[in-house]
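Trainee: What shape does this take:
(one chain, ligands or ions: 1)
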Amino acid sequence: MQELIPVTLVVGFLGSGKTTFINEILNGDHGKKIAVIENEFGEVGIDDEILSGSNDLFVEMSNGCICCSIKGDLVESLNKLLVHAKNFEHIVIEATGMANPGPIIETFFSSEELSRSFVLDSVIGLVDSEHFEKNLEKFENSEEIAFYDQIAFSETILLNKSDTRTSEELTSIREKVKVKNPNAQIISTTHSKVDLSKVMGTRSFDLKAIEETMPSANAVEYPFSWAGVIELKAGFYKFNIDHTHHNERMVFFKIDEDDLNDKIINYANSLFFSPQRRAKRGANVNVDEHILLDFGGEHTGRNILDIEFDGNYAFFISDHPSHLQLKILNREENEIEFKTDHSFKKVEHFHGNEINSISLEFSGALNPQSFEMFLNVLYSQYRDEIYRSKGILHFYGNDSRVLFQGVYSSLKFDHGREWADEQRINKIVFIGKGLIGPSLEAGLKNCIVE
Ligand SMILES: Nc1nc2c(ncn2[C@@H]2O[C@H](COP(=O)(O)OP(=O)(O)OP(=O)(O)O)[C@@H](O)[C@H]2O)c(=O)[nH]1
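Mentor: Sure thing, here's the model as predicted:
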C-alpha cells in the first residue's frame, strides 16, 4: 500500500507567528524535505518573500481563505504537489489568520481522493501572547473571525511571543487557553521556536478528541444560505424582495448545467469573496458580480436583472428566499420558478461585511519619513481596527527591499533581498475593519518621491 504523506496544518490569528514557524520548520535540522502550501488573505502575496527555504516546494494560494472560499483549490494544490511526491516527505499548510480550521480539517476526512494519499498529522495553533487579551476581548464571540476555533481545533498550541510577557502573565494566558481547549499540549515559544520532533510527524491529530470539544467539526459551511437554478430568456427581470432586515448578498451567473455541481459552488464561493458592489433599491444587478443589496434600512426592494443570453442561471443568496419572500418576475409581472434549489449551512465567521483586506501594488520610491508619517496618521485614525499589515517596499535610496510587518500598532521593518534588475514594485496589505482602499492608496502614493 502507498505510504500516506503526513500533513501539518498551521493555524492562528493574524500576526501570531505562523510564517515565522514555517521558517523554523524549513530551516530546522530534521533532515526532512518539506513542501509548503501557503494561503494568504489578500490578493498580493507577501509571505513568499519572507519565507526563506528556497529549495522547498512551495505553493501559494492567495485571494481568499482556504477554510471557505478556496477549499476546492486546497484539494487541487495537494494534488498538484502529488506529482512531485518524490521530492518531499511532509507537507505543511499555513492557513490565513482568519481561517476556521474546521472546514479545512473536514476536507481531509470527507475527500476520499485526499485520504488515499494524505494523512492529517497534526494541527498546530499559534497564539499571540502579546495581543492575547485584546484579541480575546474583540473576537471571542466574533462571527467573522475564528479566534476561538483556532484554539479549539489545535491539538498543539504554541503560546508565541512569550518574550513580550512576564511569566505571571503567561501563566494566566495559558489558563485561559486551557479553558478553551483542555486537551491541547501547550508550549510557550519565542519566535515560534520549538522542538519540532514534539509537534511534527507525531500523528497526534485525533478527530474524535476534537469532535468531543467541537461538535461542529464536520459541518461544511458556506458564505451563502441558499442557491437555486432558474431558466431565463434574454431581457430584464425584477428581483423582488418583500422582507429583509439586513443588507443581503448575492451572486448570479450563467451555467451550462441544469443543476449545481462543485465547480459552480466553488465559483460562487470565490465571487462571494471578491470585492462587493453596493446596489441600491431599483439598481441593475449583473452576472458574475458580488452584490450587496442595500435597501437603505427599508424591508423591501426591487432590483433589475439584466440578462443578456438565454439559458440557465445559478443564484446564490445570503438568506433563504422564503424568509426574503423573494420572487423573480418577468416584464408581465409573472413569477419565474426556480428549477432546483439547495440550502447551505452558512458560515458564521464570514470574513466579508466589515473586516476587509486592502492589497495594493504600485511602483515609485517611497520617502521613508513620509511613509512613517502616513503610518502614524493611519494608526491613530483606525486605532485597534487595523489587525495586520505587511509589505515589501521600495524605499528611496535603498537598493534592498524593505520588509514591513505590523500586528496592530506593533510595527517592524527588516532588510529584504537586494532588488535585481527589475521593476521595483511596492506590495502592501492591510487587514482590518472598515478599511477604505482609495484613501489608503492615496495616502501611500503621497509618500512617493517625485
Ligand atoms: N516579539 C516577538 N515577535 C514575534 C515573535 N514571533 C513572531 N514575531 C513577529 O510577529 C510578526 C508576525 O509574525 P508572522 O510569523 O508573520 O505572523 P503570521 O501569523 O504568519 O501572520 P499572518 O500570516 O499575517 O496571519 C512578525 O513581525 C514577526 O517577526 C515572537 O515570539 N516575539
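
Trainee: what residues are up against the closest residue to the ligand within the chain?
Mentor: Nearest to the ligand, among the residues of the chain, is residue 97, at 2.9 Å (C-beta to the nearest ligand atom). (Each C-beta comes from the backbone N, C-alpha and C, glycine too.) Residue 97 makes contact with 12-16, 18, 41, 387-388, 431, according to C-beta atoms under 8 Å, 6 or more residues apart in numbering.

Trainee: got a winner among the residues you listed for most neighbours?
Mentor: Within the contacts of residue 97, most neighbours by other C-beta atoms under 10 Å means residue 16, with 30 neighbours.

Trainee: That residue belongs to a strand?
Mentor: No: Residue 16: not assigned to a strand; according to DSSP: H, G, I helix; E, B strand; the rest coil it is coil.

Trainee: Is it correct that it is in contact with residue 132?
Mentor: No: Residue 16 is beyond contact range of residue 132, at 9.4 Å (criterion: C-beta atoms under 8 Å).

Trainee: For residue 282, which three-state class applies?
Mentor: Taking three-state DSSP, the label given to residue 282 is coil.

Trainee: oh, and call the first residue 49 from now on, that's how I've got it
Mentor: Got it, the first residue is 49 from now on, which makes the last one we talked about residue 330.

Trainee: Contacts only, for it.
Mentor: Residue 330 sits next to 349-352 when contact means C-beta under 8 Å, 6+ apart.

Trainee: which stretches of this structure form helices?
Mentor: 66-75, 95-98, 119-130, 149-158, 160-165, 180-187, 195-200, 215-228, 255-261, 310-320, 369-372, 416-430, 485-493 (DSSP state H).

Trainee: Distance of the residue of the chain closest to the ligand relative to residue 375?
Mentor: Distance, residue 145 to residue 375, using C-beta to C-beta, to the nearest Å: 41 Å.

Trainee: And residue 132, what's its pLDDT?
Mentor: We have a pLDDT of 79 for residue 132.

Trainee: okay, now residue 247: neighbour count?
Mentor: 21.

Trainee: Leaving out the residues flanking it, which one is nearest to it?
Mentor: Among residues not flanking residue 247 along the chain, residue 204 sits closest, at 5.0 Å (C-beta to C-beta, 6 or more residues apart in numbering).

Trainee: now the one you found, which residues is it bridged with?
Mentor: Per DSSP bridges, the residues bridged to residue 204 are residue 172, residue 233.

Trainee: Next, count neighbours for it.
Mentor: 22.

Trainee: I figured it was touching residue 169, is that so?
Mentor: No: at 10.8 Å, residue 204 does not count as touching residue 169 under the criterion of C-beta under 8 Å.

Trainee: what sits in contact with each of those two?
Mentor: residue 252.

Trainee: how close does the residue of the chain most remote from its centre get to residue 284?
Mentor: When each C-alpha in the chain is compared with the mean C-alpha position (C-alpha atoms, centre = their mean), residue 380 comes out farthest, at 43.2 Å. Residue 380 is 12 Å from residue 284, where distance means C-beta to C-beta.

Trainee: Same check on residue 130?
Mentor: From residue 130 to residue 284 the distance is 48 Å (C-beta to C-beta).

Trainee: Compare neighbour counts for the two and give me the winner.
Mentor: Neighbour count, other C-beta under 10 Å: between residue 130 and residue 284, residue 130 has more, with 14 against 11.

Trainee: For the chain, which residues score under the pLDDT cut-off?
Mentor: For the chain, the stretches with pLDDT under 70 are 49-50, 88-121, 191-192, 258-269, 321-322, 395-402.

Trainee: Which residue ranges make up each domain of it?
Mentor: 53-253, 274-391, 403-493 (automatic domain parsing).

Trainee: Pick the most deeply packed of those.
Mentor: Mean neighbour count, computed with mean count of other C-beta atoms under 10 Å, is highest for domain 53-253 among these, reaching a mean of 19.
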